[in-house]
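Asks: Could you look at this predicted model? Sequence included:
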Amino acid sequence: MSTKQITAITELDRSHYRTKIYADGHFIYADEPEELGGSNEGMAPGALLLASLGSCTAITIRMYADRKQLKLEHIKIELAICPEEEMNKETTITRKIHLTGTLTGAEQERLMQIADKCPIHKLLSNPIRIQTF
């Protein structure tokens with residue numbers, strides 16, 4: 001992760017619930033599914049959180065594999081988050097990592113250890129304080 005501070009801006013007008021998200025010159029939508037009153041024109045916020053963890057994990061693994069010149073061909077990460085009603089004391093995210101390539105058992109094991117070093121994993125594994133102004 002860069003040493004540059006990460007920022008994002010979100011905007012929501014009267015549309016239900018399509019939210020514009022701007023970050024570092026990029027633009028995406030978040031939304032809710034139709035059954036919750038949204039228009040389903042973007043990922044739900046929880047899916048965006050999982051996408052952040054999954055993409056950061058994959059990038060971290062790829063950076064390490066490239067630096068060590070490992071024969072890693074493909075990374076697939078399946079993620080799920082527990083239902084909202086189970087988030088009262090602890091939120092559980094499951095992450096299943098599939099690695100494809102000509103890797104030894106030791107290399108695969110090391111890549112799984114490296115996965116936990118992804119900055120978003122570190123962020124989500126520690127207490128988070130949100131200051132609202």
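Replies: In hand now; what should we look at?

Asks: could you pull out the helices for this structure?
Replies: Secondary structure of the chain (DSSP state H): helices at 45-67, 105-115, 119-125.

Asks: Kindly reformat those as JSON lines containing distance to I93.
Replies: In short, each C-beta sits where N, CA and C put it, glycine included. Output for the helices of the chain, formatted as JSON lines (distance: least, CB to CB, whole Å):
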{"stretch": "helix 45-67", "distance to I93": "7"}
{"stretch": "helix 105-115", "distance to I93": "13"}
{"stretch": "helix 119-125", "distance to I93": "7"}
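
Asks: between those helices, which gets nearest to K89?
Replies: Closest to K89 of the helices of the chain, according to CB to CB: helix 119-125, at 15.6 Å.

Asks: Pull the closest one out as CSV, backbone CA atoms only.
Replies: Provided in CSV are the C-alpha atoms of helix 119-125 (Å, rounded to 0.1, in the frame of the first residue of the first chain):
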residue,chain,number,x,y,z
PRO,A,119,-2.9,-3.9,4.1
ILE,A,120,-6.7,-4.2,4.0
HIS,A,121,-6.5,-7.5,6.0
LYS,A,122,-4.3,-5.7,8.6
LEU,A,123,-6.8,-2.8,8.7
LEU,A,124,-9.8,-5.1,9.1
SER,A,125,-8.1,-7.2,11.7
